[in-house]
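A.B. asks: The amino acid sequence is not available; the structure is as follows:
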């Protein structure tokens with residue numbers, strides 16, 4: 001009965017608003033806008049240094065989302081200060097979350113990463129930590145440490161699962177499985193930590209029914225928030241190399257295709273899951289495909305919301321049909 005009651009609560013909520021947005025959750029939690037400050041911890045990835053593989057993910061170029069200050073400022077404190085200066089001017093906000101974003105931030109010595117977390121939390125303007133990492137790079141000792149941190153400050157761990165399909169993971173050289181994602185996500189959530197997942201639509205070897213099947217699978221997991229983005233073929237990546245050589249041709253989604261798939265996905269997604277991002281945006285000079293005519297990420301969000309309204313729909317409209 002409690003489960004059904006919860007479903008009804010979110011049904012009423014989503015009837016009023018098309019999406020359950022993470023930004024609104026944070027604003028309510030902190031009483032005002034709070035801004036994430038991306039930082040680079042100096043870590044690499046296990047599919048880059050030979051621990052599991054070489055070359056990294058075939059779609060990944062970290063330069064596409066690393067702010068300039070993360071490359072030139074040697075300490076995390078200096079990176080935070082530089083990022084805060086920028087965002088204070090842009091958004092007039094004074095509350096910040098340190099975001100371990102680039103590469104696999106936890107792929108390092110545990111004591112070293114602990115010290116990095118402590119360094120961030122010592123900053124008077126940092127009100128929490130968000131950690132981006134892979135599901136195969138969260139050892140139990142580190143998870144126990146982060147569990148204790150979560151009892152003292154805001155903490156969110158975001159796992160780059162990218163796809164529920166093993167063929168997609170193999171083709172893109174992820175070097176981890178979907179089952180590893182499920183196990184780590186579940187273990188993290190059981191610790192009471194807000195747990196997020198990153199997914200990419202448009203990867204090679206995706207099935208046609210990706211939207212509904214992925215939504216149903218993700219909805220069964222104890223995740224708090226979700227980030228979505230379209231596959232982009234970027235310069236400096238394995239995919240980009242093949243694209244320029246006209247090898248292993250990959251068909252990328254048009255904007256209309258992405259809007260339709262994402263909207264269908266959201267209709268079948270558990271409405272309690274917070275939506276943090278609906279598309280990605282890389283520097284124009286790095287993108288080989290697709291080209292969406294300069295449409296910004298917030299415009300993609302508006303188009304998805306408009307499509308939901310056109311369908312007289314909302315996040316989770318069809319979720320109840322698959323929740324048992």
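C.D. replies: Arrived safely. Keep in mind the model is a prediction, meaning the values are calculated, not measured.

A.B. asks: which residues of the stretch 51-200 of the chain fall in strands?
C.D. replies: Along the stretch 51-200 of the chain, counting by DSSP state E, counting those that start in this stretch, strands occupy 96-100, 126-133, 154-162, 194-201.

A.B. asks: Relative to residue 46, which of those strands is closest?
C.D. replies: strand 126-133 (10.7 Å; Cβ to Cβ). In this view, the C-beta of every residue, glycine as well, is placed from N, C-alpha and C.

A.B. asks: what helices or strands is the closest one leaning on?
C.D. replies: Packing partners of strand 126-133 (3 or more Cβ pairs under 8 Å, 6 or more residues apart in numbering; DSSP states H and E): strand 96-100, helix 110-121, strand 154-162.

A.B. asks: could I get these as CSV with mean neighbour count, distance to residue 268 and mean pLDDT?
C.D. replies: Formatted as CSV, the helices and strands packed on strand 126-133 follow (neighbours: other Cβ atoms under 10 Å; distance: least, Cβ to Cβ, whole Å; pLDDT from 0 to 100):
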stretch, mean neighbour count, distance to residue 268, mean pLDDT
strand 96-100, 23, 29, 95
helix 110-121, 16, 36, 96
strand 154-162, 23, 17, 96
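
A.B. asks: Using CSV, lay out these together with distance to residue 82.
C.D. replies: Below are the helices and strands packed on strand 126-133 laid out as CSV (distance: least, Cβ to Cβ, whole Å):
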stretch, distance to residue 82
strand 96-100, 12
helix 110-121, 14
strand 154-162, 22
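
A.B. asks: Find the nearest non-adjacent residue to residue 39, please.
C.D. replies: Spatial nearest neighbour of residue 39, chain neighbours left out: residue 79 (4.6 Å); criterion: Cβ to Cβ, 6 or more residues apart in numbering.

A.B. asks: Now for the one you found: which residues touch it?
C.D. replies: Taking Cβ atoms under 8 Å, 6 or more residues apart in numbering, we find residue 79 in contact with 37, 39-40, 69-70, 73.

A.B. asks: Equivalent analysis for residue 158, please.
C.D. replies: With Cβ under 8 Å, 6+ apart, residue 158 has these contacts: 130-133, 195-198, 225, 227.

A.B. asks: can you rerun that using 10 Å?
C.D. replies: 99-101, 130-133, 194-198, 223-227, 276 (Cβ atoms under 10 Å, 6 or more residues apart in numbering).

A.B. asks: Give me the distance between it and residue 87.
C.D. replies: 19 Å (Cβ to Cβ, to the nearest Å).

A.B. asks: Same check on residue 122?
C.D. replies: Taking Cβ to Cβ, one finds residue 122 at 19 Å from residue 87.

A.B. asks: Look at these two and report which has more neighbours.
C.D. replies: Set residue 122 next to residue 87 and count neighbours by other Cβ atoms under 10 Å: residue 87 wins out with 17 against 10.

A.B. asks: and the closest residue to that one other than its chain neighbours, bridged to which residues?
C.D. replies: Computed as Cβ to Cβ, 6+ apart, the closest residue to residue 87 that is not its neighbour in sequence is residue 35, at 4.6 Å. Assessed by DSSP bridges, residue 35 has beta-bridge partners residue 96.

A.B. asks: Any stretches of this structure with poor pLDDT?
C.D. replies: 1-16, 247-248, 321-324 (pLDDT under 70).

A.B. asks: just the helices in it please.
C.D. replies: 2-16, 22-30, 69-72, 76-91, 110-121, 140-150, 166-171, 178-190, 210-219, 238-244, 255-267, 297-310 (DSSP state H).

A.B. asks: Hey, what's the angle from the fourth one to strand 96-100? Just curious.
C.D. replies: What it means is helix 76-91. Here the directions of helix 76-91 and strand 96-100 differ by 130 degrees (axes from the mean of the first three to the mean of the last three Cα atoms, to 10 degrees).

A.B. asks: And helix 76-91, how far out from the chain middle?
C.D. replies: Between the centre of helix 76-91 and the centre of its chain there are 21 Å (Cα atoms, centre = their mean, to the nearest Å).

A.B. asks: Any buried residues in that helix, and which?
C.D. replies: By neighbour count with 16 or more other Cβ atoms under 10 Å, helix 76-91 contains the buried residues 76-77, 79-80, 82-84, 87.

A.B. asks: what does stretch 175-183 give?
C.D. replies: In stretch 175-183, counting by 16+ other Cβ under 10 Å, buried: 175-176, 178, 180-182.

A.B. asks: Could you do stretch 214-233 as well?
C.D. replies: 214-216, 218-219, 221, 223-233.

A.B. asks: Stretch 138-148 now?
C.D. replies: Buried-residue list, stretch 138-148, by 16+ other Cβ under 10 Å: 138, 142-143, 145-146.

A.B. asks: May I see these arranged in a markdown table, with distance to residue 299 as well?
C.D. replies: Putting the buried residues of stretch 138-148 into a markdown table (distance: Cβ to Cβ, whole Å) gives the following:
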| residue | distance to residue 299 |
| --- | --- |
| 138 | 35 |
| 142 | 38 |
| 143 | 38 |
| 145 | 40 |
| 146 | 35 |
